[in-house]
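Asker: Quick check, what structure comes out for this input:
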Amino acid sequence: MVRRSGVRNVAIVAHVDHGKTTLVDELLKIASDQGGDRLMDSGDLEKERGITITSKVTRIDYEKHIINVVDTPGHADFAGEVDRILNMVDGVCLVVDAAEGPMAQTKYVLSRALNQGLSPLVLINKVDRPEGQTKIESGETENQISELFKSLGATAEQLDYTTLYASAREGWSTEDPFLALELAVGDSASDDATMAQVLNAILEYIPEPKVISYKNNNVKEGESTDKSIHNNEKFSIAATTVGFDQYMGRTCTGRIYSGSVAMNDSLVVLKRGETDIMTPPMTLGDVCVNIGISRVSLDPPVASAGDIVTLLGVPDSIAVGDTITGKDDPVPEPIKTPPLAPPTLCMNFGANDGPLAGQEGTIVTSSKIRSRLLAETDNNVTISVEKCKTDSEKTTVYGRGELQLGILIEQMRREGYELIISPPKILTRMVDGVEMEPFEEVTIDVDSEYSGTVIDLLTGDRKGLMIDMQENTQDGKTRLIFEVPSRGLLGFGPEVATLTRGTAVVNHCYLEDREYAGIIGDSLEKGKLVATEDGKASTFALSSLVERGTLFIEPGQMVYGGMVIGEYSRAGDLDVNPVKSKALNNMRATGKDEKAYLPPPKQLSVEELIGYMSKDEIIEVTPKAVRLRKLELDPGARDRAARAKRKQLKAIKGK
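Answerer: Below you'll find the model as predicted:
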């Protein structure tokens, strides 16, 4: 391995909402005046939700150097995006909120980076906020970061990291904590404390990219080399993301590990983990880089080892993790890529078979749904798909969490698909005859008056264990840290938000597989209001159901027998008629003609419904609506199934 001079490849990693995307915006403004308001969050769902869902690479030309910056997701469900990106870079810029300090996802992304031997650079963001200034003055945030590095087994070189203090929103950064505090309160101004300090730190503390040299034996190990030396080397690039261009065909983005590539080169694909299987050759259409959200062709169209580029017109068989190499002088084996963390849950996707099937969507067949899901696996490496073992018309999708699968379902809904989703199933595995299930570390920041409520909620039926409790008397907040089975977190988000009046901030991250924790409590399943008739819901009928529970629908909405229209205030389900209309006769009674008042219906997103639904329910998704209904629409069949379930649970408890 040698080094390629003039290039830096760095990933921006952090917990969700700690300021990664705003930081990248400011760096783009300095180098190319292309920054904007969360420019890298270009997808519709990313803009709506204010989170990064997919990793994106942008190239910054600064001080005669090329800096390839990768913006990564901060939510634990999209951690697979971070896993594959870390193989492209040689260092990470860890962004930490000055007030919140290291969070669950901070721990995860840092552990992956340290294990791969990457060089860290720490940036403490949002110092302009008063609560952040307090933590900086006391040194609490810095101490938490240092302890985190030590607990994750950082080497002596990695522990010798540099810390920057910044406010990406205000556009300043510095290595001096005292100057940062002065800038935060407006007592000082400095022309040197700009976001350019971040780019300077990347050039100084992030190493040059490692590249493979097959032919230049006279170059010493780790020596810095110019790109011209690699022009005669064997070419290889590892596919990190793949896509499709309507004019150029298949595309691939990745880091070049050896040699150089130019337009019209003849290339082949080495499949991941295989050394003797090559695909038919194909002529390369173009070599591009990303600047902001724009794809720009290189001039001349040539890239060398260490560069992160997008190749257009690559072989159609390319998949994430594969290696592209030259046809005439191929590399001897594919580039090794790190394994991904396993999925934690699965769900079955199928064609809608409800009473309203085919009325709202344009793509309704199970084969089209399966093809779309298989296409998703091309680029989304943390999702896997297979034919359902119990129903050949359905497709089983494996993923990392409710949010990840919820985003996928929402994308399909907007594309015109109409489908049904089964309840999530947490994946377990057998190790030496012992059943193991995934556990997660849950960090909750909540007003102190609700801390007891949160503890009761997680340590009871959800089988959680509280491992730390930190109370801050200054702001009245309490941080609670739990270790909980993944099963126990299904439906936890909406419930804790209701009980704490929206003050709880919940973050969780996969911890490890542990011994099966036993049956989750029955009290977690909520009673439902289930419609018995088809038609449009009436104000008259719904006004009589308000006292029974919380409604999910509003007057005029189409319903059908077996559809869940609300949450019952008691245990068990209640069959109701939401389409009943007022009797049309001449009889009148006092008080009967008063205007009915209905509170706004409770709207649940797809990912909230995934955790909320019971085992005998399914989600019906169409471009116009998201409905929750019973798997068995016939009320008599549901009653028989409920009696059988009670007998089964009684028998299990009897043992």
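Asker: so residue 74 is in which element?
Answerer: Counting by DSSP states H and E, no helix or strand carries residue 74.
Asker: Can you get me a residue count around residue 359?
Answerer: 13 (other Cβ atoms under 10 Å). Heads up, the C-betas are built off the backbone N, CA and C, glycines and all.
Asker: Which of the helices or strands spans it?
Answerer: Counting by DSSP H and E, residue 359 is part of no helix or strand.
Asker: what sits against it?
Answerer: For residue 359, the contacting residues are residue 622, by Cβ atoms under 8 Å, 6 or more residues apart in numbering.
Asker: got it, and residue 390?
Answerer: Applying Cβ under 8 Å, 6+ apart, no residues contact residue 390.
Asker: try it again with 10 Å
Answerer: Neighbour list for residue 390: 348, 396 [criterion: Cβ atoms under 10 Å, 6 or more residues apart in numbering].
Asker: Ok, residue 190 next?
Answerer: Taking Cβ under 10 Å, 6+ apart, one finds 172, 174, 176, 179, 182, 183, 197 in contact with residue 190.
Asker: Centroid-nearest residue for the protein?
Answerer: Nearest to the geometric centre of the chain sits residue 78, at 2.6 Å (Cα atoms, centre = their mean).
Asker: is it true that that residue touches residue 71?
Answerer: No - judged on Cβ atoms under 10 Å, residue 78 makes no contact with residue 71 at a distance of 11.9 Å.
Asker: Leaving out the residues flanking it, which one is nearest to residue 172?
Answerer: Spatial nearest neighbour of residue 172, chain neighbours left out: residue 193 (4.8 Å); criterion: Cβ to Cβ, 6 or more residues apart in numbering.
Asker: can you confirm the one you found is in a helix?
Answerer: No - read with DSSP: H, G, I helix; E, B strand; the rest coil, residue 193 is coil and lies in no helix.
Asker: Ramachandran coordinates for it?
Answerer: For residue 193, the backbone dihedrals (degrees, to the nearest 10) come out as phi -90, psi 60.
Asker: separation between it and residue 141?
Answerer: Counting by Cβ to Cβ, to the nearest Å, the gap from residue 193 to residue 141 is 19 Å.
Asker: Which of the contacts of residue 190 fall in strands?
Answerer: 172, 174 (DSSP state E).
Asker: what bits of the stretch 201-350 of the chain have low per-residue confidence?
Answerer: Under the criterion pLDDT under 70, the flagged ranges of the stretch 201-350 of the chain are 217, 275-277, 339-340.
Asker: quick one: pLDDT of the residue nearest to residue 172?
Answerer: pLDDT for residue 193: 83.
Asker: for it, what are its contacts?
Answerer: Contacts of residue 193 (Cβ under 10 Å, 6+ apart): 165-167, 171-176, 179-180, 182-183.
Asker: need the residues you listed in TSV with distance to residue 279, pLDDT and neighbour count, can you?
Answerer: Converted to TSV, the contacts of residue 193 look like this (distance: Cβ to Cβ, whole Å; pLDDT from 0 to 100; neighbours: other Cβ atoms under 10 Å):
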residue	distance to residue 279	pLDDT	neighbour count
165	50	95	28
166	46	93	29
167	49	92	24
171	47	88	16
172	50	91	23
173	46	93	27
174	51	93	19
175	49	93	15
176	54	92	14
179	56	91	16
180	53	91	25
182	59	89	16
183	55	90	23
